[in-house]
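S.K.: I would like to see how this sequence folds:
(one chain, ligands or ions: 1)
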Amino acid sequence: MRIVGSAGKDDIAVASIAEIRDGRYIEFVESVQPPLPRTKKWVLIVSTMFGCPVGCLMCDAGGHYGGRLTKSEIISQIDHLVESRYPDRSVDVEKFKVQFARMGEPSLNPAVLDALEDLPDRYHAPGLMPSVSSVAPSGSERFFDRLMDIKTNLYSGGRFQLQLSIHTTDTQLRDKLIPVRKWSFKKISAYGQAFHEAGDRKITLNSALADGMPFDPDVLLRYFDPEKFLIKMTPVNPTYQARSNGLASYIEPLNEEKRYEVVTRLREAGFEVIVSIGELEENLIGSNCGQYVTRHLNENSPVSGGYTYEIQRH
Ligand code: SF4
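M.R.: Numbers count the residues shown, from 1 in each chain. As a prediction, the model looks like this:
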């Protein structure tokens, strides 16, 4: 793996692009969450594919697809970041999150599961907490069945986070935003009910909510138990794709004080809701999904900045 560019600030977030095979690029991110020091929380966000075949309307990673990463290519991103800070691989961090949530839909790559099985032996990291973020495409049943086993065997008791991106409660608009066949809410709900055991973290339903997209608590309540599912809302990043598809963000990342009617209604319905806008300075780092490599490929030069909000996709 050869690092070809990186940008950011050590005390917030650093995004890197690496050439991992001849002429093929990936990106990964590490971040902390001020005011928490790295010893309290350190988040790595890694890619699982070269680009992504799903092509969500708000995501630049879907602009190209060049195949899956192997297990060792996925792990090499984690190794690089861990060894740069903890050369003996002893990660003395209370909450060490490894998110499979950068370029690529993880459930379309079984090597993600192989990597998940390897992590606990690879590092001495009592705070290790992996997180898989997916749009739950059709055909991913075997992946999710095995994921459930791995979670139960290796990461029980709240040491794993599952995030499923739904974006809107309107089925037709969801089909437009995530233009592949995917699990219905009924199927996501049934899987989540089976996945969630006592002591586990709630399953996160993600939404990068665009202006005008319905997000109806009544629809959610029909399928999702607030005891087992929580809602995370993020801004729609100003990616090339989002702009060209006319998607504006419902969440205003520069207006932290703003109260959102949708969020109020979800809370009144009993859901725990996280509005995740990231650090203001992080916004200036350019650590947004897919945007990094896309720009690198377009301009053929390492990028040094940007204006983005959230460092995870899906
Ligand atoms: S949001 Fe995730 S699934 Fe959708 S195109 Fe981007 S990487 Fe792929």
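S.K.: Leaving out sequence neighbours, find the closest residue to the residue most central in space within the chain.
M.R.: The centre of the chain sits closest to residue 101, judged by CA atoms, centre = their mean, with a distance of 3.2 Å. What sits nearest to residue 101 in space, not counting adjacent residues and going by CB to CB, 6 or more residues apart in numbering, is residue 133, at 3.8 Å. C-beta coordinates here come from the backbone N, C-alpha and C atoms, glycine included.
S.K.: Quick check: the one you found vs the ligand, distance?
M.R.: 8 Å (CB to the nearest ligand atom, to the nearest Å).
S.K.: burial of that residue, as a residue count?
M.R.: Residue 133 has 23 neighbours, counted by other CB atoms under 10 Å.
S.K.: My read is that it contacts residue 100, right?
M.R.: Yes - between residue 133 and residue 100 there is a contact at 6.7 Å, judged by CB atoms under 8 Å.
S.K.: shared neighbours of these two, anything?
M.R.: Each of residue 106 lies in contact with both residue 133 and residue 100 under the rule CB atoms under 8 Å, 6 or more residues apart in numbering.
S.K.: what about the helices in the chain?
M.R.: For the chain, the helices defined by DSSP state H cover 71-85, 111-122, 141-154, 171-177, 185-195, 217-223, 240-244, 261-268, 280-283, 291-299.
S.K.: pLDDT score assigned to the nearest residue to residue 274 once chain neighbours are set aside?
M.R.: Closest residue to residue 274 apart from its sequence neighbours, by CB to CB, 6+ apart: residue 232 at 4.6 Å. Residue 232 carries a pLDDT score of 95 in this model.
S.K.: So what sits opposite residue 232 in the bridge?
M.R.: Taking DSSP bridges as the rule, residue 232 bridges to residue 206, residue 274.
S.K.: residues contacting it?
M.R.: 163, 204-207, 273-276.
S.K.: Kindly recompute the last result at 6 Å.
M.R.: Counting by CB atoms under 6 Å, 6 or more residues apart in numbering, residue 232 touches 204, 206, 274, 276.
S.K.: Narrow the residues you listed to those that are buried.
M.R.: With burial judged by 16 or more other CB atoms under 10 Å, the buried subset of these is 204, 206, 276.
S.K.: Help me confirm that the second one comes into contact with residue 165.
M.R.: Yes - A contact is recorded between residue 206 and residue 165 when judged using CB atoms under 6 Å, the distance being 4.1 Å.
S.K.: State the mean pLDDT of stretch 69-84.
M.R.: Stretch 69-84 comes out at a mean pLDDT of 97.
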